[in-house]
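Q: curious how this folds, go ahead:
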Amino acid sequence: LSAMFDAFKWRSSPFLTDIVKTIGELRGTETFHGKKEADQVLGRAVHAMGPAAVLEILPLNLAQQKPGQPGRVWLLPILRDSVSN
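A: Numbering: from 1, shown residues only. As a prediction, the model looks like this:
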């Protein structure tokens, strides 16, 4: 999946949004064991699509947490490491 983000680059936004959503939801569960790999894919998504597009798909939900929508504090280090010019 990381290779797909590398290949599509900035054009990945409309095509690979479902992948970002699915991996973000999987990464947020406690029983998921591939967190390192999921972080790599999400990092490539941030690098290719940009942080605004990824945050639109996976909001952090820190300030105004709605019932049933978990906070995504784990996304902050991924954003820090993956944002570039």
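
Q: off-centre distance for the worst-scoring helix or strand of the chain on mean pLDDT?
A: Ranked by mean pLDDT, DSSP states H and E, the helix or strand of the chain with the weakest confidence is helix 12-15, at a mean of 90. Here the centre of helix 12-15 is set off from its chain's centre by 13 Å, with Cα atoms, centre = their mean, to the nearest Å.

Q: and what of stretch 37-55?
A: Distance of stretch 37-55 from the chain centroid (Cα atoms, centre = their mean) equals 5 Å.

Q: okay, buried residues for it please.
A: If you call a residue buried by 16 or more other Cβ atoms under 10 Å, then stretch 37-55 has these buried ones: 38-51, 53-54. For every residue, glycine as well, the C-beta is placed using N, CA and C.

Q: next one: stretch 15-22
A: Buried, per 16+ other Cβ under 10 Å, within stretch 15-22: 16-17, 19-20.

Q: please apply the same query to stretch 21-34.
A: 23-24, 27-28.

Q: looking at the residues you listed, which is nearest Gly34?
A: Gly34 lies nearest to Arg27 out of the buried residues of stretch 21-34, by Cβ to Cβ, at 8.3 Å.

Q: ok, now how distant is the closest one from Phe15?
A: In this view, Arg27 and Phe15 are 20 Å apart by Cβ to Cβ, to the nearest Å.

Q: average pLDDT for the longest helix anywhere in the chain?
A: Looking across the chain with DSSP state H, the single longest helix is helix 35-49. Across helix 35-49, pLDDT averages out at 95.
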